[in-house]
Every structure is written in C-alpha cells, then in structure tokens.
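Colleague: Sequence first, then the predicted structure, then my questions.
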There are 6 protein chains.
Amino acid sequence: MSKRIAAFGEVMMRLQVPGFELLSQANTLHYSFSGTGVNVVSALSHYGHAGYLVSALPANPLGDAAVSYLGKLGISKNYLVRWGQYLGHYFLENGVGPRPSRVTYSNRLESSFNTAPESIYDFAQIAENVDVVHFCGITLAMNDTARTNIGRFAAAVKESGGLVVFDCNYRPSLWGEDGYEKAKPYYEDLLTKADIVMMNEKDALHVLNMQTNKTDRTEQLKELIPAVAEAYSIRVIAGTHRTIHEDQTHSLRGYLYKDKQFTFSNILRFTVHDRIGAGDAFTSGIIHGELEELSPETTVTFATTAGMLKHTTVGDTPMLTDEDIFEAMSSQGGDIRR
Amino acid sequence: MSKRIAAFGEVMMRLQVPGFELLSQANTLHYSFSGTGVNVVSALSHYGHAGYLVSALPANPLGDAAVSYLGKLGISKNYLVRWGQYLGHYFLENGVGPRPSRVTYSNRLESSFNTAPESIYDFAQIAENVDVVHFCGITLAMNDTARTNIGRFAAAVKESGGLVVFDCNYRPSLWGEDGYEKAKPYYEDLLTKADIVMMNEKDALHVLNMQTNKTDRTEQLKELIPAVAEAYSIRVIAGTHRTIHEDQTHSLRGYLYKDKQFTFSNILRFTVHDRIGAGDAFTSGIIHGELEELSPETTVTFATTAGMLKHTTVGDTPMLTDEDIFEAMSSQGGDIRR
Amino acid sequence: MSKRIAAFGEVMMRLQVPGFELLSQANTLHYSFSGTGVNVVSALSHYGHAGYLVSALPANPLGDAAVSYLGKLGISKNYLVRWGQYLGHYFLENGVGPRPSRVTYSNRLESSFNTAPESIYDFAQIAENVDVVHFCGITLAMNDTARTNIGRFAAAVKESGGLVVFDCNYRPSLWGEDGYEKAKPYYEDLLTKADIVMMNEKDALHVLNMQTNKTDRTEQLKELIPAVAEAYSIRVIAGTHRTIHEDQTHSLRGYLYKDKQFTFSNILRFTVHDRIGAGDAFTSGIIHGELEELSPETTVTFATTAGMLKHTTVGDTPMLTDEDIFEAMSSQGGDIRR
Amino acid sequence: MSKRIAAFGEVMMRLQVPGFELLSQANTLHYSFSGTGVNVVSALSHYGHAGYLVSALPANPLGDAAVSYLGKLGISKNYLVRWGQYLGHYFLENGVGPRPSRVTYSNRLESSFNTAPESIYDFAQIAENVDVVHFCGITLAMNDTARTNIGRFAAAVKESGGLVVFDCNYRPSLWGEDGYEKAKPYYEDLLTKADIVMMNEKDALHVLNMQTNKTDRTEQLKELIPAVAEAYSIRVIAGTHRTIHEDQTHSLRGYLYKDKQFTFSNILRFTVHDRIGAGDAFTSGIIHGELEELSPETTVTFATTAGMLKHTTVGDTPMLTDEDIFEAMSSQGGDIRR
Amino acid sequence: MSKRIAAFGEVMMRLQVPGFELLSQANTLHYSFSGTGVNVVSALSHYGHAGYLVSALPANPLGDAAVSYLGKLGISKNYLVRWGQYLGHYFLENGVGPRPSRVTYSNRLESSFNTAPESIYDFAQIAENVDVVHFCGITLAMNDTARTNIGRFAAAVKESGGLVVFDCNYRPSLWGEDGYEKAKPYYEDLLTKADIVMMNEKDALHVLNMQTNKTDRTEQLKELIPAVAEAYSIRVIAGTHRTIHEDQTHSLRGYLYKDKQFTFSNILRFTVHDRIGAGDAFTSGIIHGELEELSPETTVTFATTAGMLKHTTVGDTPMLTDEDIFEAMSSQGGDIRR
Amino acid sequence: MSKRIAAFGEVMMRLQVPGFELLSQANTLHYSFSGTGVNVVSALSHYGHAGYLVSALPANPLGDAAVSYLGKLGISKNYLVRWGQYLGHYFLENGVGPRPSRVTYSNRLESSFNTAPESIYDFAQIAENVDVVHFCGITLAMNDTARTNIGRFAAAVKESGGLVVFDCNYRPSLWGEDGYEKAKPYYEDLLTKADIVMMNEKDALHVLNMQTNKTDRTEQLKELIPAVAEAYSIRVIAGTHRTIHEDQTHSLRGYLYKDKQFTFSNILRFTVHDRIGAGDAFTSGIIHGELEELSPETTVTFATTAGMLKHTTVGDTPMLTDEDIFEAMSSQGGDIRR
C-alpha cells in the first residue's frame, strides 16, 4: 500500500565532465540534481509511494532548475522552501581503471539548505502529513544549524508517530580532524530516535567507538550490530558489504538485522557503470520492504538488487520501478528484450 | 564475381537513447534505419555485390530519410516502392551488465511494408533481374499480407532460376501463443523453396517439431540438420551457436552443412559493443562464400568472423568490407594500425 | 490565490531534428512531450497553481518518460491513467526563411488517449477535486471515443460547479473534408457548457457558420463575438490576432470580451524563436487573470505578453513564471541582466 | 521523363566548425562531402533522374566515407574509381555579420582526383551510357592533368550525342596571377563543345575579354550573352544576379537565354542560412527544365527558386525534391505545416 | 614593437546553457573562463604582445582548468598564484528578442581572488617586469582586500615607470545602495594614478558627481571628459557610445581624447551574436594603438572595429588578430573567403 | 628545481571519430593537436618545468588553432615558427575488441615542419636558452630536410652544454622497405650525441643490427643495452616491455640502465582507455627523474606509473601533475575521492 515518505536533506547540483576528460581538457558539463534524500525519495516514488523532499532552495534560476528536476524524478515540491541565495554544487571528473574519479566541491556551507534557520520549516505540520522521514549523516556533518534542524524534525516525527530512518553515512572529509569524536554525540542522539538504521560494523567501531576482537568483517558485524540495536532500541538495522575485485567488477552483499535475526542476501557480482547513489538505492529497498511488510529475505534481496542495478544506470538517482527490480531478481539478465 | 542480390523485408527506424540513460532520463535520440534484409544486403554490397531492397516506404519525410540512409549503406533504391503512410519504428534503451537492453515498438503492423498489397510489387520482373533473394522469418510473422507476398515472391524467384535464401529467425514474441504451431506450415513452405537456409537445432525442434534424444546442442545439431536438409531438399544449411560468458564476453561458433558434410569454424571469443545484427552479418558471409564458391572452411570462417566483427561496430548494419574480414581472419588484432 | 486546474488532452511526443537539417540529413532527434492541455497546465503551475493532466498513457518506457517529463513541467501525475499501448508522436523539421517547418505524424489515432474508453477515468471524482478544467478542439477532432469522453467530463465539471474552459483551436487537416459541418454540433455542445472560450472571428464564421458583411477582421470580431457570447451564454471570450511581417517578425494583439465589453492589448511585435505553443501561453494568461480576478486590461496584457514570450523560449511548453511576465510588461527588455 | 546525368568533378571533404567558433576555440568538426558536380547531380537525383559522378577517390577509409555519403545523396557509385592516396579537404569557420566565413584548404593539388591520369577512366563507355555530362570551371583551374581529362571526356560526350553542360565558375584565387589570360583558351575550348552554359556578363568581360560600354550589369548582360551564344554556338545560357542587402538578406534574379530570347525570373529576396552551393542548385534547375522541356518561364523560375531554397538548407548539397520547389513557387511560405 | 602587458583581475568561470533553453530545461553547460583582465590581455596577446594575468586561483582541478584555458588564450601563467579554495563562477542563460539574458552568480566574494591577501603577490617585482598594467572598476567593487591590492599594485607600477590603464566599468549591482558615493574615493585615487582611462560621460556624471546642463550625450561628453583629464592629469581617455536599434542591431561609436583633442570613429552598425566582452575588446584596441604609436584616427577606428568584431565571436574573450581587424577596417565584409 | 626543456618535432592534428563509429558512419570529428615532442614537453610542463616546442606551423587558422592548443597544454610558443602552408593531420577511428583502431594520414610530407629549411630556426640561440632537448625517431624517418635539421640542432645542444634526449621510436611503415638499413646511420649519429636514450632490445636487434643468442626478451635486454650504452657512450637508457593480455588489459614494466646498473619497476596491469602517447608519458617521467635527481627506483616507478596513467586519460598528451602520479604510486586507486 502506498505510503507518504519525506526526506530531509540538501539538493546538490552535480556538474559532470562527460566521458573521461579532465576539467582542464573538456568544455562541456552535464548537470543534474541529487542528494541522499533526493535519491531515496525518488526511488520510493518509483515504487509507488508519494515522495516529498523537505529542503531549502534559492529563489533564482538554479533553484527553479532544481525544482523542475525533482519533478522529473517524481518528487513532490510541496515541502520545498525558497530561501537564501546559493545552491551547493560539485564538479565530477570520471576516473577509469587506476585513475580515481575526482570531486571538487564549490563552497557548500553557504548553501540555502545549510544556512536555513529552523523557523522556515513547519516541521510539526509536515510530520503529521507523512508516514516516514529519512535523515542522513551527511546533513549531520554540515554545521550546527543543520544539526539543530535535524534534531527538531526527528523529534517532531517521533511525536506524531511516524517512522524515523537514519542512514549513518559517515564521511571523514566532512568532519575533519577528530571527526569521530565530534560526531559521536549527534549520532547517538539520532540513533535513539531512529526506527530503521543504515550502517555496518565500521560505523559501530569508529563513530560509536565500540570494541571487538574479531578481525573478519562479517564476524565483527554479527557481534556489533545486535549490540547497537540493543543499546539504542532500534527496530531494524541494515547495510552492505562491498568488495572491489581486480577485474574492476564489484560485489555486494546486503544484510538485515531485525527481531534479533540476521538475514543476508546472496553475493551479487557485476560490472559498474556509475556507482554514486548505490547506497541510497539499497536504503530505499529496505524502506520499501518494511513498508510493504515483505519477508526479511525478500526485503534484503530486493534492496541489494536495487543497489546492484543502480550501478547500471546513469546519475545518482534510482529511476527503476519495483517491477524492474523484481524482474532482475528472477532473471539471469543480459540479453536484449524484444 | 559480383552478383545481384535482393532482400525482401521491412525497413525499421531505430530510435536509440545514446549512452546508458533511460528514455525517462535523456532528451536525445540517435536514429538509423535497419532490418534483417537491409543488414544482409548492405553487407553484401560492401563485399562488392550489387545490393537491392524490395520494400515499401511511405511517401513522406520519414520515407525520404530511409531512402537516403539505404543509399549510405550502399543499397540501390530501384525496387523501393512508395506506398502507405507509416514507417515502423522502435525505441532502444541500452542495457549494461545485469540490466538488459529494452526495446519498445511503435505500432508496427500499420506500417507501409506490412500493409502493402502484392499488386504494388512487380515480383516477376525483379526476380528476372537478380541472382539471389533473401527472405526472413520476421516478415513471415507479421500478417497474412506479408506472408502472401513472401510466398509469391519466392515462387517467382524459383521460376526465374534465382537462389532463395531463407533465414528462419523465429521470434516468439511476434507469433504469440501457440506460435510454433501457427508458424510451422509457412516455414515448411519456404523451406521447400529455399536453396540456402539459416537455422540451428532449436528451429528444427520447436518450429518443425522434430524429435531427438540427444541433449548436447552440437549432438542435436548433427542429428537434426541433415534430416532437415533431406526432408526439404536444401542445398546449404548454416548457423551459429552463441555462448554468453560470465565476464560479459560472448563466443560464437559457426557451422555449415553442405554435400552431407558439416564444417565448423573455430570458437571465437570477444567483447561485445553492439550485438544487434550479428546474425545478419553471419548470413551475409555464408551467401558471399557460396556466391564466390569459396571452400566450406573459408566460407564458415569468413561468416563467423563477420559475425564477430559486427559486435564491434555501431548500429545493426555491417559496413566492413571483405578485405577487413579477411584481415581479421589472418591477424591477432587489437593494436593501432599506423 | 492558488487554484487547482486540470486539462483533458493528449500527451504527444515531439521528435525534433536539431538545427535546420532535414530528416534525411541528420541522425539525431531531440524529444519532449507536449500537447495543448500540457502547455496550459504547465504555465498555470508556473504561476503558482496546482496543475493536473487528465490523460491516458501506455504502461511502457515511453509512458514512463512522459510522466517524468510532465513532472519536470510541474504537472501532477495523480490523474494520469496507464492504458493501451501507444503514445502519439510527431517528427518536426525546422524551416527557415522561405522554407516552412514540416510536421510528420506517426499513427496518432491508435494512441492510448484516443482509444481509451470513458470507463478508465473517474470524471466525477476528478471534477470534485479541481476548480477549472480545460478542453481543446484538437481532442474534439480525434474520434467518437474522444468526443464522448470530452462531453461526459465537461458535464461532470458543470455539475460539480467548476469552470469549463474551451479552446476552439480548429485544425482543418484533422477534420478532413466537410470538416466545418462535421465539427459544428460538437463545438456547439461544448460552447454551451463553457465559461471561458478561446476563439476569434474565424471560428465564428467557419465553424459556427455565422455571417457578417464586414471585411476588416477587427470589425468582424466586434460584430461576431458578442453574438457568440449571447448565443451560448459564455462569460468570457478571448483570443488573438497575429500578423506575420515581411522581415520575419510577428505581431500579436490580444482581446478579451467580458461583461459586454471588449478590451484590447497593445500590438506587440517581436522576433520568433519557436512559435509552437504561443496560443496555449495566451490561454493560460487569460485563465490566470480570471482566477486571480485581475482587471481586464491587466489580464489581456498579461496573456498577450505570455504569448509573446513563449516565442522566445524553446519547446511548446511555457516555463516562465508570472514574475517573469510582469517584469517583461514593465520593462523594455533586451540587455543582459547582471 | 527520367534521364541519366553524370558530372565530372572532385569530391571535397568539408570540415566545418559548428556554430560560430573559430578553429582555435572549438574542438569538434562536422564533416560532409561535396563539390560542384556532387551538388548538381544530387539535386537532379532528387528530381527523379539517375545521377552519376565520374571521379577518383582514394582506396582508404576517407574514400569509403565519401562513397557512403554520395549514396546518401542519391548518387550512383558506378563510375567512381579508386585511385591515389588523398582526398581534398577544407576547413570552414562560419562568419556572422561583419565577420566573413573563412575557408582553409588542405593541400588540394595532391588529391586523387587532381592527379588521376586519363587512363583510369573509360570516358567513351561512360559517355554512351549517360544523357548529359556536367563540367565546371573549378576543375579547369586545377592542373594540366585535370584539363586534359575534361577535354577528352567532353569530346567523348559530343561524339556519343550527349549534352555537355559547362558552368564557368571562374575562381580568381585558383588561377593566380594573370589568371584570365591563362584560363581563356581552356574556357573557349569547352564553350565550343557546350550545349548549356552557366555564366553571366562578368565571365564574358573578364575571362573572354569581351568589351562593352554599358555600365549597368543587366545592360551588359543583354549585350554580351547573345554575342557569346553566337560566337560559340551555345544553345542555352543561364545565370543569376545576386544582391546583398544591408540587413543581411540577399536577393537573386535568374535569367535564361535561348532561341535568341531572354527570360528573367522575379527578384526573390530571402534570409540566408547557408549560401554555399546555391549556384549549383540554380544550375540543376536549369538542366531539369531543359530535360523536362519546361517553358523558359517555368525553367528559370524553378531554377531561381531552387537557388533560393538552397540558402535555407544545411550543407552544400541540395536535397529538396522538385515537389518541394514547385510548392515553394506557388506558396507564400513561412508557417508551420501540420 | 611587442610590449609586456599585465592585467590584475579575477578569473570567472562562465557556465552557459547552450542555445536558448532555460536552466530548468537543459542538462548541459558549456564552460569557459574569462574576466575583464583576461579579455584585455588575451586580445593584446593576439596582437603580438606578451600578455600576463596577475591573479589568484585555487589549487584544485578548477584552478588547473582555468590555467589551461588562459594558456589557450595566449596568456602567460607566470604571475598566477595558487591560493584559497574557490573560483568565482556564474550561470548564463541566453535571451532572445524581448527576453533578456540572465546571469546567476555563485557566491563570488569567497573566491580565491577576492580573499587573497596582498602578501601573496610580489607587486614590485611584477611591476618591474612589465610595461603596462590594466585595472578595472569591477575589482574595485569587490571588497576592501581587493581595493587594497589594486592601490598597492598601481602604486608599484607608477614607481617603476610603467603605464597604468584604468577601465571605470561601474556596475551598480555590485556597489549596492549609495554605490556612487561609496565608489567615488576609490575611483578618484585610481584616476590620479592612471595614464589611460576608459570611461564616458555617465561615469563623470554619476561616479565623479560632475555637473552639466547639456542633455545630448555627445555634448555632455565633450564638456566633461576634458575636465576629467584636466582634474586627474590623465594622458588618454577613451570610450564608446552604444545604440540598440529596434531591429536588434547595435551601433557603436568610439572616441579618443588626447592632447586636448577629440577623435571619433565612424558609427558602426551590426548584428550581435555575443555581446559580452565588447568593451574589453575596445579597451585592448586603444592600448594597442597607444603602444604602437598609431595615429588617433587609426587607434580609435581599430578599437571600435575590434569592439564590433567581438560581437561576432563566441565567448567573452577576443581571439582575432590585428590583421583580422585591419582587414575588417578596409573591407566591406560579408562574403565567403575562399 | 624547475628546468627549461625543449622538444623538436612535428605538431599533428588528430581528427578522431567519437565513439566507435567508422568514418563512413559518423558526421562529427573531435580534433586535438599532438606529437611526440608535444606530449613529452606538455607532461614536463605539468611537472613544473618550463616547456618549449621547436617547430614550424603554417600562418593560417590551422596554425593558429595549434598554437592555442599548445598553450592549453602549458607549452610556450616562443620557439614556434610560422612557415609553409600545411599542417600534418590524421584521421583516427577507434577500434574495439578484435577490431583494431585505424589511422589514415593526410599527405604528411608536405607539412610545414617537414619542408621547413634549417634557416628558419636559430638553433644556436635556442640551445643556449634551454637545458634539455628531446628528439624522436619519427622525425628522423621523415625526409632529408628533417634529418638535417635534427643533426644540426643536436650538435648545437651538445655545443652549448645541454642534455640530448633521443627516443628511438622506430616506425616500420615510415621507413618503408629496407628501412632498418636506411635508418641505421642516422640512428647511430644521434645515439652518439645523446645523453638519455629511450629504446629496448628490439631497437638494438633490428635498427642497430646487433646479435644475441638469448630468446627471452628480458635476457636480450640485459645483454644488449649495456653494449649499446658502451658503444655510444650513453649515460642513461630506459624503456618498457608491454604485454597485452587476453582480457584486453595491458601490463607495463619499465627499466632504467644507468651507471652499469639495471633498475626495473614492478609490473603494472591495467585496463586501457586511450593508449596513444603512453610511451611519451614514460619518457617524460624518466627525464623528470633525471632532472630532479631522483633515485633510479623512484625514477623508473614514476615513469612507468606515468605511462600507466596515460592509458586512463583522453588524448595523446599527458596532463596529470607529478602530485597525481606520486599519489597513484602510493595508493591502491579505484574509488571516488570526495
């Protein structure tokens, strides 16, 4: 049954050099608009839910372009606020083989979203009109304004009986030196409020500073995640393990921890076309499974398959439907459909 | 020595999303014109023969564009008739890795070719002016009008002493439910008239409803193809076995059955850039070998190499010359020629 | 104050050759999705209203692409039904100077919209949830199915107290021989139900078969439009007179007839970049003025300016905001804003 | 009735910077293949005749690309010879307003066509199989090899009873210093052999060194052209007067001199999109009129309209049909056809 | 004789929507790097001088791309400093007819150039190694850091005996409210140091707050400019008057005031392809004329022609050579050069 | 410490079909300018040295475009001479899998560089102003003019105390029949003058006609290279062994022979995006290591890594910095940097 899902997060403009040229070689950029919240809500909208983004955008042609683009992704503009002057953006140069992709941010902290005061959002009213709200560790890393907003919004959702989803998504470069230490209290606060959490053993070890004497990552996962669920009273925890192989293929294995039980997906191995947004595709699959009350096996397989398929599409944002994903789950793929 | 070769078949407009975007992401399409007959005759034209297409096209800018494009492929417009209003077309979204390519047809059955009455073609006159005519199972699948036209044209070719080539090319989605049963009488009629037939053991098993208790496909082939040749008095039968490997490479092995003897090519393994039209490239190689009276070994190697090289070129239609193919047969490939 | 506005009409895919090449020269097409209803509702959405399209689209990748595109235009997908198999489309080659633009339709009558039975729409429920519904003479020209649907929907709107807008938009090529005669009863029926009508003296003369002995078109307008308003009890009638000048510039003058009074805009003269959709931009301006209860002078100037500005933007569909239009009304335009 | 028409001339590769950038700004080129003979024969092929080019091309990928392109233009490859190593080409930067277009030739004199010996062509056999052959002053300017080939071919055509068309097309930069003097004997030789000649009063004054004391160009034309026709026994002479206006529009007036009578077209004024090849479009119209035995009035109007319409299409080569041209002759043009 | 010329100014990244789409319609941007100093120095480099830019750029891929681009423009990187994190940029949507072009700045004040302290530049050393330095009113408008840097650098140039060029270039939007008042002292300081000044009567009236009772702008110019030259001991003052005509053409007239004499160019009228940077082209012409000791007539004609031709090229930055400009001065332009 | 490095060599225009189409399929080319000298000097310029090219270019728009492009690559134009009429160019069609890339040269021997007389260069003056000059076997293969120029320039460098670098780079197709025999004396002459030589055992065996009874290429290298160093008194010899694997990946191993010691890099294996210019990237790394007096281990690893990374960038010319290369040396690569 179709639900109403909102995400709270920044819309970033992605300015990508086409092909494999460097910025100093090319003269053209492709642009699109994305963000963790955008990606998750777009995916859920393609699975049949009503998707909303709660965010702030400048009242200028860049803001207009972002709103149009979100419409194209199937996201409602009802909770988008026009405020401030800047839209965060980044330049992306594609890597190939041993040369990694390169991201250059423009001054992100001055963006409309990251400077918007709490007063411009009516969190209580939004919370009453949606079933689920998604938050992300990237927003938490921005500044105090953003952190305050997240805290207030999450509290409003709890109050109105909605589900809080939190994707840990710790980015070392955003938190800077002593980042884990700085981040810990904010993460703990949100974990306490969250119903569904996306993380794996690394977040437990580093952000939450938990200990284990296991060395295998699956062993670590099995020891630490139940402890996290227990400590913060979290209903569902899920995440993935990625392996990058020598032949440039990747593999993904998803897990879901719920009712004190781990469920693992098969290991899926595949070639990679565009890996940005794969984690968000996985998250959207877990949320969809929970909302549709699918079995843990189906949920984690659906989510991991959604993650895999994201690697085969262009851009950060999942645009395949649930039918596409179920079809990929039941087929061997690879040949022309005609 | 250069021969005159005609094909009877539909020209389709291929509208392809560039790169790997979905139709709901992109805003640009590349277009070209192709079809089984187009592909076979273009290839033979690049091997030095005079190539003709017998087809119907609308008298509008789309028909004009198709005629120009056929000229670019080296195909004579002498037997193209302008009639009706529509040109069949399909939209193509490229897949990658586990996401398959996707084809969406526009209403094909109303096309000029599929609604053209026999009376607009002068089959007898054309048959007298060409040496070979190529027919294809896709046309047979369309409707009664198309089937009647094929039957009359093939009869005219036999009468005037030309060679009839028939590519079985059974497409389940076109024949629908109980398709094999519906198709069988039409296939049998054309097999009876054909001199050269493209097929493999699957066509014998499913379309002709033949039986074997072998399970290996090469074993099945060796048992069934001689029986088909015998039953329908066919001079040459040829085809390929394709294997899709886990690393996304494909391999092809061609066979030729003639004078009660099988000749097999080596197994060629290669990466795939654009696989549509590979079967037509193989067919054109077999026809070229037969017309040039090459040895069976050379013919089947030439045809399989042509099929392999088609996977390395853009679009459905082979545009390499016989020299290019002979060069690939004798080289190891892969480095820059300068 | 923001209103809810729906249009009932077909979504067409526009496949346009970029630049000035012919289809037989180029190999690339730009595509977009438009239609009279799409254009009007998109414009009103950019003026701050909630816009809906009531239409049928195939459940395939072309339908998905259309839905995404409508989202980009700011149009809600709530009343889009998936049904049938085909999306109407047309190919557009741009003219220049003495060479006119050229449109080639693909088989439009088989489209999802034009074959959709009334039963797939819940007209009563939609009518209750919107304030205005827009209908267009192009839909009326399609076939009996479309005409029946229009009639039922317009009746539902009247019943639920909404406003009916009817754009006469008579297209001779769609109605064929004796077109005026065939069209008249359907036009009369809708005029009777309509509150706001877009037309000019030509529609009165030809479609409604009215008489005048005036020869100047403004004189004819002033005689015939009041008679139409009287005969069919129409609250507001509006339209434009276009003049094409020798230097390829165009000029537009809008009129509004209401409360037995004519109001004319200034004559606006301008260069033309893309003229398709200019009438729809004018219509949207009239509807906006009426909904916002602007003065007749402001309404007709706003609408005519919106029509003029549409000629300066790319594609059929207006995407400028009401601020942009008011700014153009008060400025001399032309220089860089920096 | 459809005729067989050949042209003898070079195929040049045109490498054009898209838009208005300089070669030192851009990084992309559009390429096409053209030449006076190519243009004339392509136009006649679009009017329903069979068009042939007699030329030499290298046996390499550039030669292959030229052959494909000629096929797209509707030109038969039967008389194309593969010989030599180079294809002439030039780079084109588009001008705008007061900045003129700029052409940079690559070393043209080493091209296959300009170095091909007479022995590679079977002029006698070709002459017997065509009705008309077109020659051009540009070829005459190249070198002795080219001049010898022209002379022999024209003689063969006369012998087999075909029509010789000669377009004077004097290019000062190609003949260099004392060019008129050098050119005169070759021009006189071809004029003697020609049945239809394209020229105007300037060619008479400068190349043929004739005298007049008139100063108005129409007066000069009326005095000199009859003298030329008389002196060299030419059946038909035709040409145009072009005027470039201050607002960047051009106007063209065509004339036809035949049976001691001048016929002039109306003066056509129009905006210019791409002016290269306009003279060839005019020439093709005159040839078509003569072959179809149209009246002088129709012929010169058709030719001048063809010349005008060429300015509205992309590339050097006319691709409109005779129907398009007749339609433009009878219409006012300018609006969308839908 | 070739001189060494430096400019002190910001490098901006221009992100331009191709064609006439809005940011909310397109998905591609063309990028380039420019700025008043960049434009002036690039032009002078194309006239044969050695051109340097004194500026600060971030040490990241955007900075690298800017350096490459400046190299393409012929500008030496010797005095470019890597410092700070951001490169200023703006988005440009092209207008057409009554719809103006639209510029959206990204947060410019945080750019490397606008935050770079004086200490990162060795002004004294640079001043000794160049003959001329160009400054611009846009830099003056930025912030105190930029204003301090300008003042110090100009003083160093005076001290080492170089020429100071100052382009007033007052931009109201940058100075904000009471801008003229704020700007006046900084303008006066630079005028005192300047040898060559670009301005017209408006700068005298508004920025310098001078008075006149003339109303015609040429009359005002003739009264005010001599007074400015006198008051601030300026050797050469030059500028243009632009008129925008109803048919979208522009006209320019340049003036040069030197040795108490006015010299005016002819009025040049032309169509406009890209008007950004036209003033900088004019400036570069004046500087070139002064450095080459051309007559005032030649200098002002050269500069105005350079300004006109800039309107015909793509991008902000002049890339034509002095030969191109002298050729345009002596020709009528407009036809193909081949 | 930054050095001044010149290369003596031709600038070629590379006209590349985008993607994988053939010249007979596409209509667009990307162009760039490169050459062995260009590549080496551009790389060294990106490592912080001052790079110069000594070459001849035509004084036309192609020459201008080449100069701009060299500026973009960071190469000084101080020693570029404008002379002659033609710029060498070649057309490149990309291969894929078993279909090799294809290069078609335009008539290269008439180029400005290959016909420029010694007198246009002031070799003595240049030699005095640079620290290192790079020469290449490709230039040696051109004609006597080029060979004379190389000889004189190398002698001047020796005289002024600069370093001579010689890249053997023997190209069989350029020397033609009995090529090794023809080439030997010229190679020997340059080897005698060279300080740093790029070669491997094949050059010793074939060009220098040395003998070995080893069969393994590393064994051959170890025997022959010391003999070459001895025979011609060469300070440093370096080169690579490349292996092309079945899965289309390549591997490279670099060696450096200096002070009678061999140093080998690790074997690096990688996927290939664009392999042209990889040898030049290696050469630039060896030169950089020598100039910076890095250890042999660091030098050969840096050079081999530079060679590997060149395969991951677009175009012939290395544009990565020394930091990029050191970073790749110390990392595992492959993931996004954000």
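Modeller: Received the coordinates, thanks.

Colleague: give me every residue that touches A:A7.
Modeller: By Cβ atoms under 8 Å, 6 or more residues apart in numbering or on different chains, the contact set of A:A7 is A:36-38, A:40-41, A:51-54, A:133-136. Any C-beta I mention is one placed from the backbone N, CA and C, and that applies to glycine too.

Colleague: switch the cut-off to 10 Å
Modeller: A:35-42, A:44, A:51-55, A:75, A:79, A:130, A:132-136, A:139, A:165, A:167, A:280, A:283-284 (Cβ atoms under 10 Å, 6 or more residues apart in numbering or on different chains).

Colleague: quick one: pLDDT of A:M1?
Modeller: With respect to pLDDT, A:M1 has a value of 69.

Colleague: ugh, wrong one, I meant A:T304
Modeller: Confidence per residue is given as pLDDT, and for A:T304 that number is 97.

Colleague: Quick check: it touching A:R253?
Modeller: Yes. Under the criterion of Cβ atoms under 10 Å, A:T304 makes contact with A:R253 at 7.0 Å.

Colleague: Mind listing the shared neighbours of the two?
Modeller: Each of A:T240, A:F264, A:S265, A:N266, A:I267, A:L268 lies in contact with both A:T304 and A:R253 under the rule Cβ under 10 Å, 6+ apart.

Colleague: so which of those comes closest to F:T321?
Modeller: Nearest to F:T321, judged by Cβ to Cβ, of the shared contacts of A:T304 and A:R253 is A:T240 at 34.6 Å.

Colleague: elements contacting the one helix or strand the closest one maps to?
Modeller: Following DSSP states H and E, one finds A:T240 within strand A:236-244. In this structure, strand A:236-244 packs against strand A:163-167, strand A:196-198, helix A:201-202, helix A:217-232, strand A:250-258, strand A:261-264, helix A:278-291, helix A:296-310, with contacts taken as 3 or more Cβ pairs under 10 Å, 6 or more residues apart in numbering or on different chains; DSSP states H and E.

Colleague: Between A:T304 and A:R253, which has more neighbouring residues?
Modeller: Looking at A:T304 and A:R253 with other Cβ atoms under 10 Å in any protein chain shown, you find the greater number of neighbours at A:T304, namely 27 against 18.

Colleague: ok, the more buried one to E:N200 distance?
Modeller: A:T304 sits 68 Å away from E:N200 when distances are taken as Cβ to Cβ, to the nearest Å.

Colleague: do the same with A:D131
Modeller: Computed with Cβ to Cβ, the distance linking A:D131 and E:N200 is 64 Å.

Colleague: Check A:K310 too.
Modeller: As for A:K310, its distance to E:N200 is 58 Å (criterion: Cβ to Cβ).

Colleague: Please say which of those two ends up with more neighbours.
Modeller: More neighbours surround A:K310 than the other of A:K310 and E:N200, with 30 against 20 (other Cβ under 10 Å).

Colleague: Would you agree A:V197 is in contact with A:L208?
Modeller: No. The pair formed by A:V197 and A:L208 falls short of the contact definition of Cβ under 10 Å, at 11.3 Å.

Colleague: overlap in contacts of these two?
Modeller: Once Cβ under 10 Å, 6+ apart is applied, the residues that A:V197 and A:L208 both contact turn out to be A:C168, A:Y187, A:L191, A:V228, A:Y232.

Colleague: which residue packs closest to the second one, ignoring adjacent ones?
Modeller: With Cβ to Cβ, 6 or more residues apart in numbering or on different chains as the measure, A:V207 is the residue that lies nearest to A:Y187, at 5.2 Å, once sequence neighbours are left out.

Colleague: List phi and psi for the one you found.
Modeller: Comment: the main-chain dihedrals of A:V207 come out as phi -70, psi -40, following degrees, to the nearest 10.

Colleague: Counting neighbours, what do you get for A:T283?
Modeller: A total of 30 residues lie near A:T283 under the criterion other Cβ under 10 Å.

Colleague: So it sits against A:H134, correct?
Modeller: Yes. Because the distance of 7.5 Å satisfies Cβ under 10 Å, A:T283 is recorded as touching A:H134.

Colleague: if I look at the two, which residues touch both of them?
Modeller: Shared contacts of A:T283 and A:H134, counting by Cβ under 10 Å, 6+ apart, come down to A:A7, A:T36, A:N39, A:V40, A:L44, A:V165, A:D167, A:I196, A:M198.
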